[in-house]
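> Provided below for reference: sequence and predicted model.
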Amino acid sequence: MKQMTTFRPPSVPLITVDPYFSVWSAADHLYDDHTRHWTNKTQGMVGMIVIDGKIRRFMGKVGVHENSTIEEPDVLIQTNLTVEPVTTRYTFEGEGIELEVHFTTPLLLDDLELLSRPVTYVTFHVRGIDGQVHQVKIYFDVTGEWCVHTPDQQVTWESHVINEQLHAMSIGTVEQPILKRAGDDTRIDWGYMYLVVQRSHQSQSVIHAVSKREEYARSGLFKTGDDSIQPKSISGDMAIMATELDLGLIHEEPASRYLMLAYDDIHAIEYFHKPLNAYWKKNSMTFEEMLVKAADQYEEVVQRCDRFNRELLTESQAAGGNQYRDILALTYRQAIAAHKLVADEAGEVLFFSKENFSNGCIATVDVSYPSIPLFLMYNTELVKGMMRPIYKYAESTDWTFDFAPHDVGTYPQANGQVYGENKLEYQMPIEECGNMLLMAATVCKYEKHAEFAREHWGLLTTWASYLLQHGLDPDNQLCTDDFAGHLAHNANLSIKAILGIAAYAYMCDELGLPDGAVYREAAAKMAEEWSSMATAGDHYKLTFDSSDESWSMKYNLVWDRLLDFNLFPKEVAAKELAYYQLKQNRYGVPLDSRETYTKSDWLVWCASMSETQPQFEQMISPLWDFMNETSSRVPVTDWYDTITGKQLNFQNRSVVGGFFIPLLRKTSVSKS
């Protein structure tokens with residue numbers, strides 16, 4: 001029997017496409033609980049296997065309600081779980097067979113059409129392991145919960161035959177309030193959820209009431225004929241889309257089948273009061289055409305995904321060891337699927353983040369900033385896609401400040417900033433100016449030209465001037481760590497301002513503009529002043545006016561090396577990292593001296609400044625322990641307590657893209 005992996009994810013990614021189409025298993029075994037949307041609401045899938053007439057459950061719960069009295073079928077014992085960057089693999093054994101279930105969402109960042117395609121493949125591999133021959137069928141269903149925000153919403157359903165090739169079932173709400181619901185703890189209640197199988201005499205599919213699932217669990221008999229009583233709500237005997245795949249006689253030679261789960265959201269984002277479609281629709285492809293293409297490319301796509309998995313696992317292990325490999329494998333899909341990829345009316349890429357389990361903001365600048373290392377590695381167009389909505393809004397008459405905005409609305413409505421009710425005292429002036437300048441500079445560096453900066457040079461100049469005037473010693477204001485409240489004389493925020501000014505100087509040079517020397521000299525002078533203002537002997541203070549016992553993670557310093565500015569002596573980072581090790585708790589280094597909580601993205605940024613791999617591994621090992629041991633069974637949170645290991649807030653956010661910064665740093669070093 002295979003051994004269980006030593007790494008226990010707090011929640012396991014299953015379907016990870018975008019902020020709405022995102023379902024996880026928050027349990028040790030796939031059959032321990034219902035599968036759930038990342039907001040923790042049940043979005044059920046059930047898997048059963050019939051082996052020589054014996055019914056075994058391998059996924060989800062047959063009973064819908066928490067207090068269900070349904071007698072659950074015995075389970076097929078889960079023997080292994082492996083989470084890879086774009087694939088989750090479960091293994092089960094029993095009754096003489098081995099079952100592997102693979103969930104593959106092809107989030108390959110160098111292929112934007114594929115990245116945007118709202119399809120996850122679920123593949124079943126079955127083989128005999130006892131030398132005998134077995135008759136095997138697989139049952140799989142998905143509930144109407146996937147297309148409603150609340151259980152009282154009414155849904156309808158339909159079956160389709162596509163090109164005589166595919167049998168597709170779909171389910172969606174009666175009301176179809178497209179792009180009407182905005183907020184944080186929300187689920188999509190427009191568009192249509194699909195379960196798609198290849199047409200074959202070895203499969204049969206039906207849309208019927210969940211009570212029929214319960215009958216199957218008792219008898220193993222698949223009832224055909226779609227439920228004709230519609231619409232109905234999810235709160236009662238809800239509709240489910242079910243399929244049975246007959247694998248026939250199974251020997252030692254494996255047999256495989258797959259199905260597709262897909263979601264047609266019709267329109268994806270409201271962009272300054274105009275609906276935009278998902279990126280894959282930009283050439284007017286229909287949903288059915290997309291499904292046919294996804295089916296035709298199944299073998300090719302899975303092979304590409306397997307290759308990518310191997311490459312990233314190898315690279316991350318070499319860069320940071322086994323634990324770092326596990327962390328990146330778990331968070332790769334999360335970082336991407338907390339976004340929606342669309343094209344604007346001119347066909348340009350827009351890549352919208354959703355600020356999950358925070359406030360639901362869309363295209364938040366200080367959420368984009370920590371996430372960019374992953375996207376800089378594979379496709380800078382996606383970083384540009386994060387910035388374009390901010391530029392568009394900042395260039396409009398609706399934005400009246402001389403610093404950068406925080407966001408452009410509440411997901412999925414990108415109609416203008418909502419943060420802090422747009423009151424000056426609740427803004428993040430230095431934070432967002434620094435973020436936009438640094439993001440622009442990184443795009444220039446990794447694209448090896450500065451044309452994207454030239455397109456918005458007026459705004460970048462305004463923001464650089466703002467930092468020059470206000471950045472060295474910030475007044476009382478919020479930074480990205482806004483949960484910690486306002487702070488004046490913030491030493492880490494000052495670093496961001498200094499590096500933002502240097503970023504502007506770098507872009508001036510790249511564009512052949514004369515102001516580069518002036519801004520670079522100003523940044524160098526400010527860096528010198530910073531060192532004397534912040535020093536506290538063996539470390540640097542939280543604020544310039546605080547006691548020598550105060551401290552904070554100086555995560556913004558990482559760009560000084562990544563962008564080759566070298567404004568701060570190497571001893572600054574070395575001294576800070578040595579001090580952090582003195583402050584490390586069971587689950588990592590706290591964010592600063594005020595509390596015991598941390599931000600895991602910033603923890604990894606600081607660790608990436610280590611001069612040796614053992615030092616890096618020593619800093620990120622507690623993060624692995626946190627993920628492996630926390631009782632907070634949610635998609636990876638980036639804000640948790642370093643002593644108790646409990647989530648404070650935030651989950652399933654895109655900022656985990658920042659975990660990839662050590663790979664970005666190695667890439668930068670190898671290129672230099």
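Okay, I see it.
> Where do the strands of the stretch 551-672 of the chain begin and end?
Ranges of strands in the stretch 551-672 of the chain, per DSSP state E, counting those that start in this stretch, are 597-599, 639-641, 647-649.
> now the helices for the stretch 151-300 of the chain?
210-219, 287-296, 298-337 (DSSP state H, counting those that start in this stretch).
> Could you dump these into CSV and include mean pLDDT and distance to Tyr391?
Where C-beta positions appear, they are placed from N, C-alpha and C, glycine not excepted. Formatted as CSV, those follow (pLDDT from 0 to 100; distance: least, C-beta to C-beta, whole Å):
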stretch, mean pLDDT, distance to Tyr391
helix 210-219, 95, 48
helix 287-296, 98, 30
helix 298-337, 98, 22
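> In JSON lines, list these along with distance to Leu591.
Putting the helices of the stretch 151-300 of the chain into JSON lines (distance: least, C-beta to C-beta, whole Å) gives the following:
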{"stretch": "helix 210-219", "distance to Leu591": "45"}
{"stretch": "helix 287-296", "distance to Leu591": "42"}
{"stretch": "helix 298-337", "distance to Leu591": "18"}
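> what about these, which gets the closest to Leu107?
The closest of the helices of the stretch 151-300 of the chain to Leu107 is helix 298-337. By C-beta to C-beta, the value is 4.7 Å.
> Can you spell out which helices and strands pack onto the closest one?
strand 12-16, strand 77-83, strand 87-94, strand 97-104, strand 119-128, helix 365-378, helix 613-629, helix 661-671 (3 or more C-beta pairs under 8 Å, 6 or more residues apart in numbering; DSSP states H and E).
> sorry, back to before: next, format the helices of the stretch 151-300 of the chain as JSON lines and append distance to Met241 and mean neighbour count.
Conversion of the helices of the stretch 151-300 of the chain to JSON lines gives the following (distance: least, C-beta to C-beta, whole Å; neighbours: other C-beta atoms under 10 Å):
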{"stretch": "helix 210-219", "distance to Met241": "11", "mean neighbour count": "18"}
{"stretch": "helix 287-296", "distance to Met241": "14", "mean neighbour count": "18"}
{"stretch": "helix 298-337", "distance to Met241": "19", "mean neighbour count": "20"}
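> can you tell me which of those helices comes nearest to Glu571?
The nearest among the helices of the stretch 151-300 of the chain, by C-beta to C-beta, is helix 298-337 at 23.7 Å.
> helix or strand for Tyr393, which one?
helix 380-394 (DSSP states H and E).
> what about that helix, average pLDDT?
Average pLDDT, helix 380-394: 98.
> what angle separates it from helix 365-378?
Helix 380-394 and helix 365-378 are oriented at 150 degrees to each other (axes from the mean of the first three to the mean of the last three C-alpha atoms, to 10 degrees).
> Low-confidence stretches in this protein?
1-5, 66-67, 667-672 (pLDDT under 70).
> Skipping its backbone neighbours, what lies nearest Lys137 in space?
Among residues not flanking Lys137 along the chain, Val50 sits closest, at 4.4 Å (C-beta to C-beta, 6 or more residues apart in numbering).
> Tell me if I'm right that the one you found and Phe140 touch.
No - under the criterion of C-beta atoms under 8 Å, Val50 makes no contact with Phe140, lying 12.0 Å away.
> Between the two, tell me which one has more neighbours.
The neighbour count for Val50 versus Phe140, taken as other C-beta atoms under 10 Å, is higher for Phe140 (26 against 23).
> Quick check: that one vs Ala255, distance?
Taking C-beta to C-beta, to the nearest Å as the measure, Phe140 falls 15 Å from Ala255.
> quick revisit: ok, which of the helices and strands packed on helix 298-337 comes nearest Tyr411?
Among the helices and strands packed on helix 298-337, helix 365-378 sits nearest to Tyr411 (C-beta to C-beta), with 11.1 Å.
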